[in-house]
Structure formats: C-alpha cells, structure tokens
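Q: The sequence and its predicted three-dimensional model are supplied below.
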Amino acid sequence: MLWDAANTIGESGGRMEDVTMTSYYEDLIDVISWAKSQTWYIEPFILCGHSMGGMITSLYAEAQPDEVFALIPISPVVSGYLNIHNNTQKFIDEWKNRGYYESPSKSKPGIIKKIPWKYAEDVMQYDLTKNADKLTMPVLIIVGEKDDGTPLKHQQVLFNSIKGSKKELKIIDGAGHNFRSEEELTRLKTIVNEWVEEL
C-alpha cells in the first residue's frame with residue numbers, strides 16, 4: 001500500500017506551512033489503524049519510507065516491533081538535532097526569525113515549499129537512536145552517496161545504534177537526497193527487491 005501524509009505536496013491535501021513530524025507520524029498511525037480494519041490486512045508487515053517518511057516508519061517500528069516484519073528507511077531523518085543542525089547557524093537563525101523558509105521543490109518543479117519554524121521545534125523531540133534497540137527486525141537503510149539533507153554520516157549513526165544482527169546500510173553512488181534519474185531509481189528498486197526476496 002502506498003500513501004502520502006497530509007501537508008505535503010502530494011495528493012493528501014493540506015498546506016506545507018502546517019507540516020510537523022508529529023502530524024506525519026499521526027497520519028501513519030491513522031493509515032495503519034484503517035488498514036487493520038480491512039480484510040486484506042496481514043501482520044507483520046514491511047514498512048518503508050523516505051526522508052521524513054523514513055523517520056516516522058522507524059518510530060512506528062520502534063513503538064510496535066511485533067507488528068513490523070522488516071523496516072526499510074530510505075534517507076531517513078535520524079534525529080531532530082541532526083536534521084536542524086545540518087544547516088548553518090545563520091540559516092537556522094534566519095529561519096526562526098522569519099518563521100519559515102522557502103525551498104523550490106525538486107520533485108515538482110515550479111512549486112515552492114514553505115517549511116515552518118514549528119517543524120524545527122517539533123522535530124527536535126525525535127531521535128531514532130534512543131530506541132534503536134527496539135529495531136530487532138531486519139533493517140535496510142539506503143542513502144545516496146551525495147545526500148546533503150540526511151547524509152551518510154547521519155545514517156551511520158543510526159546503523160551503529162541498531163543492535164540487531166540483521167541490518168544493512170546500502171549507498172547509491174552519485175545519488176543525492178532524492179533519487180531522480182532512471183539509473184538511480186532502478187538501483188534503488190533493485191536493492192529493495194533483492195533484499196526483500198532474501199528475507
């Protein structure tokens with residue numbers, strides 16, 4: 001099942017100005033709760049998410065490890081502190097003073113994303129490494145070699161925090177935070193499919 005959270009530039013509605021990690025996580029809980037009422041629901045299941053989605057799926061796996069068969073966080077936000085302080089102090093100060101920052105969307109050219117300061121305040125309460133010992137299921141972390149949003153060094157912190165033996169960290173050469181080229185997408189799909197088939 002594929003879904004996107006509200007307050008994104010996807011199809012679920014809402015405004016990017018209202019985005020927080022908490023609202024994304026609550027959306028995931030709502031979707032899974034709904035899925036549990038469907039006849040096709042099977043547990044345990046595999047969770048996969050990218051960036052903020054990588055964090056919320058990991059948070060869910062930490063909270064409900066018995067429900068999750070395997071976890072695939074792709075370029076996940078590892079902690080609020082690392083996420084916010086991946087920027088310069090000048091950028092952070094200007095973001096806070098203005099109340100938001102604007103960023104052109106790479107997935108939807110022409111759209112300007114407006115990220116509120118309340119996102120920064122909210123995300124600071126989250127840190128995947130604090131409960132990484134709960135990730136006892138197989139975990140596959142994937143990151144682009146040139147990711148400057150949730151860089152490899154952040155993913156290595158998460159990877160090292162996971163105590164389970166069924167963990168892998170895969171790096172896609174030349175890729176940034178978002179996987180845009182056909183080659184990058186093919187490589188991403190191949191890594192995921194081959195890993196899942198071996199479970």
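A: Structure's in. What do you need? Treat the numbers as computed from the prediction; the structure is a model and nothing was measured.
Q: Would you mind confirming that residue 104 is in contact with residue 111?
A: Yes - the pair residue 104 and residue 111 qualifies as a contact (C-beta atoms under 8 Å) at a distance of 7.5 Å. Heads up, the C-betas are built off the backbone N, CA and C, glycines and all.
Q: Strands of the protein, start to end?
A: Under the criterion DSSP state E, the chain carries strands at the ranges 45-50, 68-74, 100-104, 112-116, 139-144, 167-172.
Q: Any idea which residue is closest to the centre of this protein?
A: For the chain, the residue nearest the mean C-alpha position is residue 54 (2.1 Å; C-alpha atoms, centre = their mean).
Q: so what's the closest residue in space to it that isn't next to it in sequence up against?
A: Taking C-beta to C-beta, 6 or more residues apart in numbering as the measure, residue 54 lies nearest to residue 76, with 2.6 Å between them; neighbours along the chain are not counted. When the contact criterion is C-beta atoms under 8 Å, 6 or more residues apart in numbering, the partners of residue 76 are 49-51, 53-55, 57-58, 128, 141, 150, 155, 158.
Q: Let me see the contact set for the residue in the chain sticking out farthest from the centre.
A: Taking C-alpha atoms, centre = their mean as the measure, the residue most remote from the mean C-alpha position of the chain is residue 39, 27.8 Å away. Listed by C-beta under 8 Å, 6+ apart, residue 39 has no contact partners.
Q: Would you report the backbone torsion angles of it?
A: Here is the backbone geometry of residue 39 (degrees, to the nearest 10): phi -70, psi -20.
Q: quick one: low-confidence ranges for this structure?
A: Applying pLDDT under 70 to the predicted model, the residue ranges of the chain that meet it are 1-17, 106-108.
Q: Do a quick rundown of the helices in the chain.
A: 21-36, 52-63, 80-84, 89-98, 117-123, 152-161, 182-197 (DSSP state H).
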